[in-house]
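Could you work out the structure for the sequence below:
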Amino acid sequence: MTSQVKQDEQHSDFRKYLPDLNTPRFQAIAQNDAYGHAEELLEHHRPPWLYGLYVHWRKLFQEPFKGVTNDGTIRPNLFKLRDEGIPITTLVASANSIITQLSPAQSTRTLLHIDSPEWRSWSNPEFLVSDKGIRLDELTPSLRDTVLSLVENTLSPEGYAKARSAMRINHFLGELVNAAKVMNEYSYNFVLFGAPSEDTPWGYSFYGHHLCLSVFLYKTQIVVSPWFTGAEPNLIDEGPYKGTRILHEEERLGLELMQSLSDEQRIQATVYEKMKDEKMPKGRWNHDDQRHLCGAYRDNRVVPYEGIVVGSLSQLQQELVRAILSQYLLYLPARSRELKLQDCAEVFGETYFSWIGGSGDADPFYYRIQSPVVIIEFDHHSGVFLTNSKPAKFHIHTLLRTPNAGDYGVALKGLLGGSVVQDYVWGE
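As a prediction, this is how the structure comes out:
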């Protein structure tokens, strides 16, 4: 049996874990739309663990933006203004086409200040905990298509295909658990920040269950960070989009890198041997993020370096790191991706690869690559809608952050203002 066939079997195992749709949880979600479902969380505090996390998120949201760091101190002079070949004229036209179709009420909700703190209020659960902008499944086909056209024109062709696949997999999950009014192909919110312009900064947020994109644009330069992409399951096995699958390359390459290490190197890279390890300090694992450290509302998290230094690895192993990073930079158009890969490679001497879990072909795992200019995370999750109590290879979460104030383009805006960003206060 080939490794690809084994991988396909692991990802199609999800049907063993389909939930009982007659339980109160699934009967309730079947009857609710997105707003009624959010009310369950925000007003009735169900489920309690997620409501507790939401309360914590809102406390974090009140903090001035600083940025993710490895030691609590922002490192200056890491980013620069440059030409990345972004088709800004096309993007401005696409964004303006959206604006012309908005009603006055939609405009008030959707057109926010470039420094609005609401840029930070994205999250990846299906609960609509930050209701702003326009929601695609409520729009006319014309307006919805215009929003998607902006996203398509912004991203690389392969990045846009990945985003659309995530949306279709979300629809597939909604069908599996009879929750199509909450989770469907268009259950995503869109918000514009700043006035679309060829000369001044602006951007947008596109967010919903398992797909959240923060896009900052300045002239021909782009930042897509932070972003979150997940899937449960990550393979559609029936219907019109049968065969659609995402996040398998990130999985394959990460495991290939780990398995390429010597025994001594694996020990150095492995932070915890178990996915939920008794050696983990309090807070290292939580119900929603599980092993992730840099998810929603974690804009200021201090994440110490751990694992093995990429610069100490062989050339072939470093090429695997490049291949992983290329997957995580897939949303970026080709020229921007090439430049950001160069940025990453220049600091391989202070880039760390760390691992949690086993490294056998069937083992679920977590890994992180972290440097002064990028943080990426990969995590196999336990079930949220499916019933697997342990992490499985068919439920995957991935994310990217740009540390040292790089998220949301803040560091670049600091350059426009002629100063290094420190404790950035939004809206001032």
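
Neighbours of the nearest residue to Ile222 once chain neighbours are set aside, how many?
With C-beta to C-beta, 6 or more residues apart in numbering as the criterion, Ile222 has its nearest non-adjacent residue at 4.9 Å, and that residue is Ile86. Glycine gets a C-beta too; all of them are placed from N, C-alpha and C. For Ile86, the count of nearby residues is 20 (other C-beta atoms under 10 Å).

do the same with Lys393
For Lys393, the count of nearby residues is 25 (other C-beta under 10 Å).

can you tell me the helix or strand for it?
Using DSSP states H and E, Lys393 falls within no helix or strand.

Distance check, the nearest residue to Leu293 once chain neighbours are set aside against Lys276.
Nearest non-adjacent residue to Leu293, counting by C-beta to C-beta, 6+ apart: Val303, 5.1 Å away. Going from Val303 to Lys276 by C-beta to C-beta, to the nearest Å gives 19 Å.

So if I had to pick from those two, which one is more boxed in?
Val303 (18 against 15).

quick one: contacts for the more buried one?
Shown in contact with Val303 (C-beta atoms under 8 Å, 6 or more residues apart in numbering): 68-70, 293-294, 370, 375, 403.

Surely Glu250 and Glu377 touch.
No: assessed by C-beta atoms under 8 Å, Glu250 is found out of contact with Glu377, at 10.1 Å.

which residues are common contacts for those two?
Contacts common to Glu250 and Glu377, judged by C-beta under 8 Å, 6+ apart, are Thr398.

Those two: which is more packed in?
Glu377 (24 against 20).

what pLDDT does that one get?
For Glu377, the model assigns a pLDDT of 99.

Tell me which of the contacts of Val303 fall in strands.
370, 375 (DSSP state E).

Save the contacts of Val303 as JSON lines, and put in neighbour count and distance to Val151 too.
As requested, the contacts of Val303 are exported to JSON lines (neighbours: other C-beta atoms under 10 Å; distance: C-beta to C-beta, whole Å):
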{"residue": "Val68", "neighbour count": "23", "distance to Val151": "25"}
{"residue": "Thr69", "neighbour count": "18", "distance to Val151": "30"}
{"residue": "Asn70", "neighbour count": "19", "distance to Val151": "32"}
{"residue": "Leu293", "neighbour count": "21", "distance to Val151": "27"}
{"residue": "Cys294", "neighbour count": "22", "distance to Val151": "23"}
{"residue": "Gln370", "neighbour count": "26", "distance to Val151": "28"}
{"residue": "Ile375", "neighbour count": "26", "distance to Val151": "23"}
{"residue": "Pro403", "neighbour count": "24", "distance to Val151": "25"}
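
mind giving me CSV with the contacts of Val303 and columns for distance to Phe193?
Converted to CSV, these look like this (distance: C-beta to C-beta, whole Å):
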residue, distance to Phe193
Val68, 20
Thr69, 24
Asn70, 28
Leu293, 26
Cys294, 21
Gln370, 27
Ile375, 23
Pro403, 21
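
Filter the contacts of Val303 down to the ones in helices?
Among those, no member falls in helices (DSSP state H).

Relative to Gln265, which of the contacts of Val303 is nearest.
Nearest to Gln265 out of the contacts of Val303 is Gln370 (C-beta to C-beta; 16.8 Å).

Might you report the residue contacts of the residue lying closest to the closest one once chain neighbours are set aside?
Excluding its sequence neighbours, the residue lying closest to Gln370 (C-beta to C-beta, 6+ apart) is Tyr352, at 5.1 Å. By C-beta under 8 Å, 6+ apart, Tyr352 lies in contact with 305-310, 368-371.

Tabulate the residues you listed (CSV), appending distance to Leu21 and pLDDT.
Shown next, in CSV, are the contacts of Tyr352 (distance: C-beta to C-beta, whole Å; pLDDT from 0 to 100):
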residue, distance to Leu21, pLDDT
Tyr305, 45, 98
Glu306, 41, 98
Gly307, 42, 98
Ile308, 45, 98
Val309, 49, 98
Val310, 46, 98
Arg368, 36, 99
Ile369, 39, 99
Gln370, 40, 99
Ser371, 44, 98
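
List only those of those residues flagged as buried.
306-308, 310, 368-371 (16 or more other C-beta atoms under 10 Å).

So which residues of the stretch 251-400 of the chain form strands?
270-272, 308-309, 352-357, 365-370, 375-380, 396-401 (DSSP state E, counting those that start in this stretch).

Distance to Asn96 added to these, as a markdown table?
Shown next, in a markdown table, are the strands of the stretch 251-400 of the chain (distance: least, C-beta to C-beta, whole Å):
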| stretch | distance to Asn96 |
| --- | --- |
| strand 270-272 | 47 |
| strand 308-309 | 47 |
| strand 352-357 | 43 |
| strand 365-370 | 38 |
| strand 375-380 | 33 |
| strand 396-401 | 28 |
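
Nearest to Leu217, out of those strands?
strand 396-401 (17.2 Å).

Output the closest one in PDB with nothing but the alpha carbons.
What follows is strand 396-401, C-alpha atoms only, in PDB (Å, rounded to 0.1, in the frame of the first residue of the first chain):
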ATOM      1  CA  ILE A 396      -6.600  20.200  10.800                       C
ATOM      2  CA  HIS A 397      -6.000  23.800  11.900                       C
ATOM      3  CA  THR A 398      -3.300  26.000  10.400                       C
ATOM      4  CA  LEU A 399      -2.300  29.600  10.800                       C
ATOM      5  CA  LEU A 400       0.300  32.200  10.100                       C
ATOM      6  CA  ARG A 401       1.300  35.300  12.000                       C
END
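
what inclination does that strand have with respect to strand 375-380?
Strand 396-401 runs at 170 degrees relative to strand 375-380, counting by axes from the mean of the first three to the mean of the last three C-alpha atoms, to 10 degrees.

what helices or strands is strand 396-401 leaning on?
Under the contact definition 3 or more C-beta pairs under 8 Å, 6 or more residues apart in numbering; DSSP states H and E, strand 396-401 sits against strand 221-231, helix 248-260, strand 375-380.
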